[in-house]
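Asker: Return a 3D structure for these sequence lines:
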Amino acid sequence: MLTIRPSIPHTQKNCMIPHQLIALLSSYSAKQPAHSRSLWNMLLAALITIYIGGCASLGNQSSSQPITDQTHHSDAVITEAMQAEATPSSNRPFETDTLFNLLVGELSVYNGDIETAAKNYYREALNTQDPQVVARAARLARYLRDANAAIEMAELWHEVDPSNPKASENLADMLARTNQPLRALQILERQLDAGEAAEFGVLRNSNLPTGSAQLREVLMQLERLSDQDRSENFSLLLTYTLLLQKNGDHENALAQIQRLRNFDGDPVQLAIIESQLQTELGQHQAAAKVLRKALKKRPDERSLKIAYARKLTQTNLVLAEKIFAELLQDTPSDTTLLKPHSLIAAENNNFLAAKKSLQTLLDNNRETSFAWFNLGLIAAAEKDTDAALNFYEQVQPGDYYLSAVQKTVALLAAQGQLHGARSYLAALRQKHPQQAPLFWNAEAEILSDSGELVDAHSVLSEAIEQYPDQIALRLERSFLSEQLDDIGLVEVDLRHVLAIDPQNIIALNALGYVLADRTNRYNEALDLIEKALALKPDDAAIMDSLGWVQFHMGRLDAAEENLQKAYKKFSDDEIAAHLIELYWTSGQSKKAAKIYKSIHKSTPDHPKVDRTLLRLNIPFK
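Answerer: Numbers count the residues shown, from 1 in each chain. Down below sits the predicted model:
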């Protein structure tokens, strides 16, 4: 789908010609005998020309005539396309039939019937090969977002009018929009060679995936051009920079910013891009500094203030809240400012300011579920449970609905209203049957959190009877089954998940770990875990599972390496317990003690480490 649709100028209401009349004229002409059709069309063309001339004179008589709905007006760019964008045609006259079709097309534009106009101009563009007709056909096709016709007319326009910069620019843009950036680049380079102003920014209209071969080739060609004497082209360097950013080459993109500063470009745009690049490199303070320096030079530049405020959410929440509040003074109903301001103010415990912004959203009927949900969070933080429950109840199905349900259930359970929470979820299952599995899972979760593992397991079993292929239910029951020592049912559920989704990483790792930890089926466990690791190589939990099965298989060096990697990525109680057991049983008591001190320092609650110490009679304190 194309996205360009220019604005539409006004047309005098008195000049509108009924669609039925156009259709009637066209139909009647088609029925005429061949020997009289041309004469008939010539007479009609003359009448239409007189009519249009009358419309033009009407337009000049008064500027106070009523204006029709804009959806029925022709596009300004389309109206001027032949005169402004195409090389003037030779003085050769059109055939009468062609002239008639073009005039019908013009009448259709007057009436807002762009589809009919586009069809007539498309047909006559192919028939006449006239640059002005082709140019207009190209613009009409773009207006209608007809990608196939637009690219065909763009190619034809460039073919019949090769020295016209507008034709070249249009073709390059259409090629980029249809994901042919390398062909677009050839057009742009030819424009450079001809001394024309080439707009390389059109290349950014291509939807090229990060890391794709085509994007890499485009970058290579842009680098070649930027290193030649064409490097004075700002559009070229800016496009090269932004595509480097898109491809994840942030350091190289940052280096191009310094070259761009030598141009008389937009310093605000460059500051924002540089800040983005610094952020993507993890340099948050440097990113904020870039925007702060730019703001000193242009303190009233709103886009810089907004970018700076957003950047400060990662480094200085108090100052970020202050800047968002200042911005809201100028535009108090701006949703794009009210949302972040409410979140930051709440994070700063400035609940009064947060509630004011959220209430403004509600007053303007904007982002209402976001507002109700966050008002609920604030009420809960203020220990006003009744208000929080009321706010959560206002959230409508959408992005915040399930979170509101979870918060409601958690509040009810915290008040000891476990039965009320379960009744609430049962009612939701009736109200929203398509989301029933989610509500079954939520009920099992609150029971599990309350220590009612058997009841939670029963709830999931009841749900699975109704939804046997629901993966989330199967996974959740397998975790509870493992805690209840029902290893057979663990395997049944996880095998069922893998039958549905053979590459389910959670199921592969969970089944492999259980087989390694609770059985002696180590080879089978290793195969499952290695499949999971191949799908997600940097996952600490899978590395831990691999190290654990290797430990049981006696591959101690490999086990130590993988467990250390896992612990370095995520200092978890379970991974620490595995490392301690490996070190203690292999005679490396000092290393075991070091891991114990590390986990004890980072978290006072480490039940799996404690159980390992007790089971192995390790005397750490």
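Asker: L185 is in contact with Q221, isn't it?
Answerer: Yes: assessed by CB atoms under 8 Å, L185 is found in contact with Q221 at 5.5 Å. Just so you know, the C-beta spots here come from the backbone N, C-alpha and C atoms, and that holds for glycine as well.
Asker: These two: which has the busier surroundings?
Answerer: Ranked by neighbour count (other CB atoms under 10 Å), L185 and Q221 place L185 first, with 23 against 18.
Asker: What distance do you get for that one to N247?
Answerer: 16 Å (CB to CB, to the nearest Å).
Asker: likewise I471?
Answerer: In terms of CB to CB, I471 sits 34 Å off from N247.
Asker: Over to T385?
Answerer: On the measure of CB to CB, T385 and N247 end up 50 Å apart.
Asker: between these two, which one's more packed in?
Answerer: Counted by other CB under 10 Å, T385 and N247 do not tie: N247 has more neighbours, with 19 against 14.
Asker: Which element, helix or strand, includes Q329?
Answerer: Using DSSP states H and E, the element containing Q329 is helix 317-330.
Asker: tell me which strands and helices that helix is in contact with?
Answerer: helix 302-312, helix 335-347, helix 351-363 (3 or more CB pairs under 8 Å, 6 or more residues apart in numbering; DSSP states H and E).
Asker: 7 Å instead, please
Answerer: Counting contacts by 3 or more CB pairs under 7 Å, 6 or more residues apart in numbering; DSSP states H and E, helix 317-330 is packed against helix 302-312, helix 335-347.
Asker: Out of the helices and strands in the protein, which is least certain?
Answerer: helix 76-79 (a mean of 39; mean pLDDT, DSSP states H and E).
Asker: Report pLDDT for the residue nearest to K569 when sequence neighbours are not counted.
Answerer: Distance criterion CB to CB, 6 or more residues apart in numbering; nearest residue to K569, sequence neighbours excluded, is A540 at 4.0 Å. The pLDDT attached to A540 in the predicted structure is 95.
Asker: Go ahead and confirm A540 touches Q564.
Answerer: No: if you go by CB atoms under 7 Å, A540 and Q564 don't touch, sitting 11.1 Å apart.
Asker: Helices along the stretch 201-350 of the chain, start to end?
Answerer: In the stretch 201-350 of the chain, the helices defined using DSSP state H, counting those that start in this stretch lie at 213-227, 234-246, 250-260, 267-280, 284-297, 302-312, 317-330, 335-347.
Asker: residues making contact with the fourth one?
Answerer: If I follow you right, that is helix 267-280. With CB atoms under 7 Å, 6 or more residues apart in numbering as the test, helix 267-280 has contacts from 241, 245, 250, 253-254, 257, 260-261, 286-287, 290-291, 294, 298, 301, 303-304, 307, 311.
Asker: before we move on, what about the third one?
Answerer: Under the criterion CB under 7 Å, 6+ apart, residues 234, 237-238, 240-241, 244-245, 270, 273-274, 277, 280-281 lie in contact with helix 250-260.
Asker: Which among the contacts of helix 267-280 count as buried?
Answerer: 241, 245, 250, 253-254, 257, 260, 287, 290-291, 294, 301, 304, 307, 311 (16 or more other CB atoms under 10 Å).
Asker: Check those against N127 and report the nearest one.
Answerer: Closest to N127 out of these is T241 (44.6 Å), distances taken as CB to CB.
Asker: Leaving out the residues flanking it, which one is nearest to that closest one?
Answerer: With sequence-adjacent residues excluded and distances taken as CB to CB, 6+ apart, T241 is closest to Q256, at 4.1 Å.
Asker: The one you found and E223, how far apart?
Answerer: Between Q256 and E223 the distance is 10 Å, computed by CB to CB.
Asker: so what sits against both of the two?
Answerer: Shared contacts of Q256 and E223 (CB under 7 Å, 6+ apart): Y240.
Asker: all helices of the stretch 401-550 of the chain, in order?
Answerer: Assignment of helices within the stretch 401-550 of the chain using DSSP H, counting those that start in this stretch yields the ranges 401-414, 418-431, 436-449, 453-466, 471-483, 487-500, 505-518, 522-535, 540-552.
Asker: residues of the second one that come out buried?
Answerer: Okay, so that is helix 418-431. Buried-residue list, helix 418-431, by 16+ other CB under 10 Å: L418, A421, R422, Y424, L425, L428, R429.
Asker: do the same with stretch 228-244
Answerer: Buried, per 16+ other CB under 10 Å, within stretch 228-244: 230, 233-244.
Asker: cool, and stretch 380-387?
Answerer: A380.
Asker: Quote the end-to-end distance of it.
Answerer: Taking CA to CA, to the nearest Å, stretch 380-387 runs 8 Å from one end to the other.
Asker: Give me the neighbour count for Q483.
Answerer: Neighbours of Q483 (other CB under 10 Å): 12.
Asker: Is it in contact with L453, as I believe?
Answerer: Yes: judged on CB under 7 Å, Q483 makes contact with L453 at a distance of 6.0 Å.
Asker: burial of the residue nearest to T241, as a residue count?
Answerer: If you count neighbours by other CB under 10 Å, Q256 ends up with 21.
Asker: picking that back up, in a markdown table: the helices and strands packed on helix 317-330, plus mean pLDDT and distance to S478.
Answerer: As requested, the helices and strands packed on helix 317-330 are exported to a markdown table (pLDDT from 0 to 100; distance: least, CB to CB, whole Å):
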| stretch | mean pLDDT | distance to S478 |
| --- | --- | --- |
| helix 302-312 | 92 | 42 |
| helix 335-347 | 96 | 36 |
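Asker: Output the ones you listed as JSON lines; include the columns distance to D449.
Answerer: Shown next, in JSON lines, are the helices and strands packed on helix 317-330 (distance: least, CB to CB, whole Å):
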{"stretch": "helix 302-312", "distance to D449": "36"}
{"stretch": "helix 335-347", "distance to D449": "25"}
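Asker: which one of those lies closest to A325?
Answerer: Across these, A325 has its closest neighbour in helix 335-347 (6.5 Å, CB to CB).
Asker: Name the residues that touch the closest one?
Answerer: Contacts for helix 335-347 (CB under 7 Å, 6+ apart): 310, 313, 317, 320-321, 324-325, 327-328, 331, 353-354, 357-358, 360-361, 366-367, 370, 374, 377-378.
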